[in-house]
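1. build me a model from this:
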Amino acid sequence: MGDTAATALYWLALVEHELLLFAGVFFLIGAIDEFAMDIAWFWLRLTGRADTPVLNRREVRYRQLSGRAAVLIPAWQEAGVIGDTLTHALSVWPQEDLRIYVGVYRNDPATLEAAALGARDDGRVRIVVHDREGPSTKADCLNRLYHALQQDELREGREARMVILHDAEDMVDAAALSLLDRAIGTAQFVQLPVLPMPQRSARWVGSHYCEEFAEAHGKAMVVRNALGASLPAAGVGCAFGRRMLAQIAFRAGRDAPFDEDSLTEDYELGVKVAALGGRSRFLRVRGEDGQLIATRAYFPGQLGPAVRQKARWMHGIALQGWDRLGWTGGPGEWWMRLRDRRGPLSALVLLTGYT
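-> Presented below is the predicted three-dimensional model:
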């Protein structure tokens, strides 16, 4: 009995050693990757290619748009935030060519009521009630909003110029709409920085997103933009050329551009723009007060929702994205896609090694 137990412990220790060695290799690759990213970012800073321009918000806030801008906001059980989000957006974006489409579900009357109160009879807001009960996927709700946009375009005889994605809790910047409108004239996809709001009541859960997005949108996206690699959409604070979305839907053989089979449809959408030959831009611009022109939002502050969100990102980007997107493009593109998939896979290996 003693020999059997000793043999079992020996094999258990051997397996643990191998798993930890495997995890160590991943972290070594990750360290080399981060060092290379730091070197690239410092080089861009030294050569002036990573400088952040300054824009006066007051000068662009009331600038008329070059065409119709459609903002799509899917909302499921967002009664606590959607009203404030709409009130804020309508107050800082006064342009007449703005249209905000809010997608709610027929079995979520609280969100419908809050959205109606937040809209305050502003004709620039259209609340779209989904014809199915929620919750469904975010891509499904976005496609319902896209179809509502198509119906408005047919009725008015006028096509939108750009489509902007936001979540129900986003606080938009006063200069963001004009900045996106100007940038979409020379690109088919534009991403603004995303700044998670610090949460004193959730320092270990909600506030860790601040570090994560500071790294991604303060350095990695800048390097990606300089390399000409595809830019993954964050799903908020990003704009797509209207015709590019139509082209993505046509190439996929669907009547809408958002893939309901994908767990990270926003990430894939940004990559697809580059695959179709479209130009992508990451705009890191500061206002006259020194603050970034960015989307500010609260991320999950409780462990359960945060774990579910991170698990969806891990599965959608590292595993599902590997199969769906492949390894197209040149060395710069391969490096960036490896970064996208290396991080979640390293976390998975770490968990496996210690369990």
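
2. how far away is Arg242 from Leu55?
-> In this view, Arg242 and Leu55 are 24 Å apart by C-beta to C-beta, to the nearest Å. No exception for glycine: its C-beta is placed from N, CA and C like everyone else's.

3. now the helices for the chain?
-> 2-46, 57-60, 82-92, 109-119, 138-156, 176-183, 208-215, 221-227, 242-252, 265-275, 303-313, 321-325, 331-354 (DSSP state H).

4. give me the angle between the first one and helix 208-215.
-> Right, the one you point to is helix 2-46. 50 degrees (axes from the mean of the first three to the mean of the last three C-alpha atoms, to 10 degrees).

5. tell me the helices and strands packed up against helix 2-46.
-> If contacts are counted by 3 or more C-beta pairs under 8 Å, 6 or more residues apart in numbering; DSSP states H and E, helix 2-46 sits against helix 221-227, helix 331-354.

6. got it, and the fourth one?
-> For helix 109-119, the elements it packs on are helix 82-92, strand 98-105, strand 125-130, judged by 3+ C-beta pairs under 8 Å, 6+ apart.

7. pick the most deeply packed of those.
-> Most buried of these by mean neighbour count (mean count of other C-beta atoms under 10 Å) is strand 98-105; its value is a mean of 24.

8. and for Pro300, the neighbour number?
-> 18 (other C-beta atoms under 10 Å).

9. need the contact list for it.
-> 205-206, 306, 309 (C-beta atoms under 8 Å, 6 or more residues apart in numbering).

10. any chance of the helices of the chain in a markdown table, plus mean pLDDT?
-> Formatted as a markdown table, the helices of the chain follow (pLDDT from 0 to 100):
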| stretch | mean pLDDT |
| --- | --- |
| helix 2-46 | 81 |
| helix 57-60 | 87 |
| helix 82-92 | 97 |
| helix 109-119 | 96 |
| helix 138-156 | 97 |
| helix 176-183 | 96 |
| helix 208-215 | 76 |
| helix 221-227 | 89 |
| helix 242-252 | 95 |
| helix 265-275 | 88 |
| helix 303-313 | 75 |
| helix 321-325 | 65 |
| helix 331-354 | 58 |
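
11. isn't Glu333 right up against Arg224?
-> No: contact between Glu333 and Arg224 fails when scored by C-beta atoms under 8 Å: they sit 9.2 Å apart.

12. what's the overlap in contacts for these two?
-> Ser230.

13. of these two, who's got more company?
-> Arg224 (25 against 19).

14. burial count for Gly218?
-> Residues near Gly218, counting by other C-beta under 10 Å: 16.

15. check the one 4 residues further on too.
-> Close neighbours of Val222, defined as other C-beta under 10 Å, add up to 22.

16. okay, the residue nearest to it when sequence neighbours are not counted: pLDDT?
-> In space, and not counting its chain neighbours, Val222 is closest to Ala50: 5.3 Å by C-beta to C-beta, 6 or more residues apart in numbering. For Ala50, the model assigns a pLDDT of 84.

17. surely Ala50 is in contact with Ala226?
-> Yes: using C-beta under 8 Å, Ala50 is in contact with Ala226, at 7.3 Å.

18. joint contacts of the two?
-> Common neighbours of Ala50 and Ala226 (C-beta under 8 Å, 6+ apart) are Leu44.

19. quick one, what contacts Tyr105?
-> Counting by C-beta under 8 Å, 6+ apart, Tyr105 makes contact with 76, 111, 129-130, 132-136, 141.

20. again, only using 7 Å
-> When the contact criterion is C-beta atoms under 7 Å, 6 or more residues apart in numbering, the partners of Tyr105 are 76, 130, 133-134.

21. ok, now Leu177?
-> Contacts here follow C-beta under 7 Å, 6+ apart; on that basis Leu177 touches 69, 93, 95, 98.

22. mind checking how far it is from Arg279?
-> 20 Å.

23. ok, His17 next?
-> From His17 over to Arg279 (counting by C-beta to C-beta), the distance is 49 Å.
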